[in-house]
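> got a sequence here, can you model it:
(chains A and B)
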Amino acid sequence: MQLALFWLFAALMLLFGVAVVCLRSPVSSALSLVMSFLGLAMLFFTLDAFFIGIVQILVYAGAVMVLFLFIIMLLDLKSEGVRRLNVFALSGGALVLLGFVGLLVKVLTSAPGEGYNVAKPALAHPEASDVALVGHALFGGLNNYPFQIVAVLLLVATVGVVLLSKKELK
Amino acid sequence: MAPTLGDYLLVSGLLFSIGLAGVLLRRNILVIFMCLELMLNAANLSLVAFSRFQLPDGMPNYNAQVLVFFIITVAAAEVAVGLAIIVSLYRAKQTTHVEDLNSLKF
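Numbering: from 1, shown residues only, chains lettered A, B, ... in the order given. Next up is the predicted model:
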C-alpha cells in the first residue's frame, strides 16, 4: 500500500514536471508546477515529514506560485510561437542531460553501502508531534542564529524587491 | 512493502533531470525560473529522504528537515527578487525570450 502510494505520487510529480517543460503556454507551465509541488508534498508525507510537506504546500504551491502566476498575467505573456530550433544548443543540452541520467543510473545500480535498500515502515510518534520535533531542532539548541540570519535575509530581499520595482533609481 | 531510500533518490534524480532539461531547452525566462524551482525541490526531496532513513535513535534526523525549511525560505526570497528583476527586464526590453536578451553577450 505504501509502495503503491509512493509510486502514484512520484509518477504524478514527474508527469507534471515533464508538463512544465513541454507545455508552450507559461500559464499551463505554472499550473503544472503547482500540481508537481503537490505531488512532492505528498512524497514528504510518505517520508513522515509532515511539517515540511505542509510548508511545501503553503509556501511553494501557494505563495510562490501565486507570485509566478501574477507576474505572468501582469506581463501578459502569450504562448511561445514555434521558433527555429538552435540545433547546437539542443544537442548540447541533450548531451548534458543524457550524461547526468547515465551517471544517476550508474550510481543507483552500483552496490552502495548498507542500509540503501532497506525499507522503513511508517514511524509512530507516541510522545511528540513532528512539528514539535522540528521546532526543537530549530530553536532548541544553544543559539538560533541561523533563524535570525534568515530573518535579515528576508528583510534584504524585501528591500531589494522594492528598490528593483521603482520606476527609476535615483 | 515500503519504498526504499534508493527509490526516493531515483525519483529525486529524475526530478532534477527534468528541471535541468527545462533550464537547458526552454527559451522563456519565466519557465527557466520555474525549472530552477523544480531542481531546488529535487534537492529538498533527497535531503528529507536521507533524514528519514538515517535513524540515530529510532527518530529521523531533524537537522535535515530544518535545513529544508531554510532552503524553502531562501527560495521564496530568491523568487521574489528574481521575478522583480524579470519585470524590470521586461520593462526595459519588452521581451522574456532569452535569445532576445543578449546585451551582456560577448
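
> which regions of chain B sit below the pLDDT cut-off?
Along chain B, the model assigns pLDDT under 70 to residues B:55-58.

> centroid-nearest residue for it?
residue B:40 (2.1 Å; Cα atoms, centre = their mean).

> helix, strand, or coil at the residue nearest to that one when sequence neighbours are not counted?
Spatially, and ignoring its direct neighbours in sequence, residue B:40 is nearest to residue B:75 (5.4 Å; Cβ to Cβ, 6 or more residues apart in numbering or on different chains). Any C-beta I mention is one placed from the backbone N, CA and C, and that applies to glycine too. On the three-state scheme (DSSP: H, G, I helix; E, B strand; the rest coil), residue B:75 is labelled helix.

> I'd say residue A:19 and residue A:28 touch.
Yes - judged on Cβ atoms under 8 Å, residue A:19 makes contact with residue A:28 at a distance of 7.3 Å.

> where along chain A do the helices fall?
Listed in chain order, the helices of chain A (DSSP state H) span residues A:2-22, A:26-46, A:50-55, A:65-75, A:87-109, A:130-139, A:145-164.

> what's the answer for chain B, then?
Counting by DSSP H, chain B has helices at residues B:5-25, B:29-53, B:62-93.

> if we can go back for a sec, which one of residue A:19 and residue A:28 has more residues nearby?
Here residue A:19 and residue A:28 are compared on neighbour count by other Cβ atoms under 10 Å in any protein chain shown; more neighbours surround residue A:19, at 17 against 14.

> ok, and the closest non-adjacent residue to the more buried one?
Using Cβ to Cβ, 6+ apart, the closest residue to residue A:19 is residue A:32 (3.9 Å).

> model confidence score at the one you found, please.
pLDDT recorded at residue A:32 is 95.

> number of nearby residues for it?
By other Cβ under 10 Å, neighbour count at residue A:32 equals 20.

> same question for residue A:75.
Residue A:75: 18 neighbours (other Cβ under 10 Å).

> over to residue A:14?
17.

> give me the neighbour count for the nearest residue to it once chain neighbours are set aside.
Counting by Cβ to Cβ, 6+ apart, residue A:14 lies nearest to residue B:14, which is 5.7 Å off, once chain neighbours are set aside. With neighbours defined by other Cβ under 10 Å, the count for residue B:14 comes to 18.

> contacting residues around residue B:14?
When contacts are counted by Cβ atoms under 8 Å, 6 or more residues apart in numbering or on different chains, residue B:14 touches A:14, A:101, A:104.

> so where's chain A shaky on pLDDT?
In chain A (pLDDT under 70), the answer is A:79-84, A:111-117, A:119-128, A:169-170.

> centre-most residue in it?
Short answer for chain A (Cα atoms, centre = their mean): residue A:37, at 6.0 Å.

> any idea how far residue A:163 is from that residue?
29 Å (Cβ to Cβ, to the nearest Å).

> please apply the same query to residue A:100.
37 Å.

> residue 69: how many residues sit nearby?
This is for chain A. Applying other Cβ under 10 Å, we find 16 residues neighbouring residue A:69.

> you looked at the wrong chain, it should be chain B
22.

> who's in contact with stretch B:46-62?
A:44, A:47-49, A:52, A:115, A:118, A:120, A:123, A:133-134, A:136-137, B:5, B:8-9, B:12-13, B:63-65, B:67-68, B:71.

> list buried members of those by neighbour count.
For the contacts of stretch B:46-62, a burial check counting by 16 or more other Cβ atoms under 10 Å in any protein chain shown picks out A:44, A:47-49, A:52, A:120, A:133-134, A:137, B:5, B:8-9, B:12-13, B:64-65, B:67-68, B:71.

> can I get stretch A:86-99 in PDB, CA atoms only?
Extracted as PDB, the C-alpha positions of stretch A:86-99 are listed here (Å, rounded to 0.1, in the frame of the first residue of the first chain):
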ATOM      1  CA  ASN A  86      19.100  26.100 -32.200                       C
ATOM      2  CA  VAL A  87      20.500  22.700 -33.100                       C
ATOM      3  CA  PHE A  88      23.800  23.300 -31.300                       C
ATOM      4  CA  ALA A  89      22.100  24.300 -28.000                       C
ATOM      5  CA  LEU A  90      19.600  21.500 -28.300                       C
ATOM      6  CA  SER A  91      22.200  18.800 -28.900                       C
ATOM      7  CA  GLY A  92      24.400  20.200 -26.200                       C
ATOM      8  CA  GLY A  93      21.500  20.200 -23.700                       C
ATOM      9  CA  ALA A  94      20.500  16.600 -24.700                       C
ATOM     10  CA  LEU A  95      24.200  15.500 -24.200                       C
ATOM     11  CA  VAL A  96      24.500  17.000 -20.700                       C
ATOM     12  CA  LEU A  97      21.100  15.500 -19.800                       C
ATOM     13  CA  LEU A  98      21.900  12.100 -21.100                       C
ATOM     14  CA  GLY A  99      25.300  12.200 -19.200                       C
END
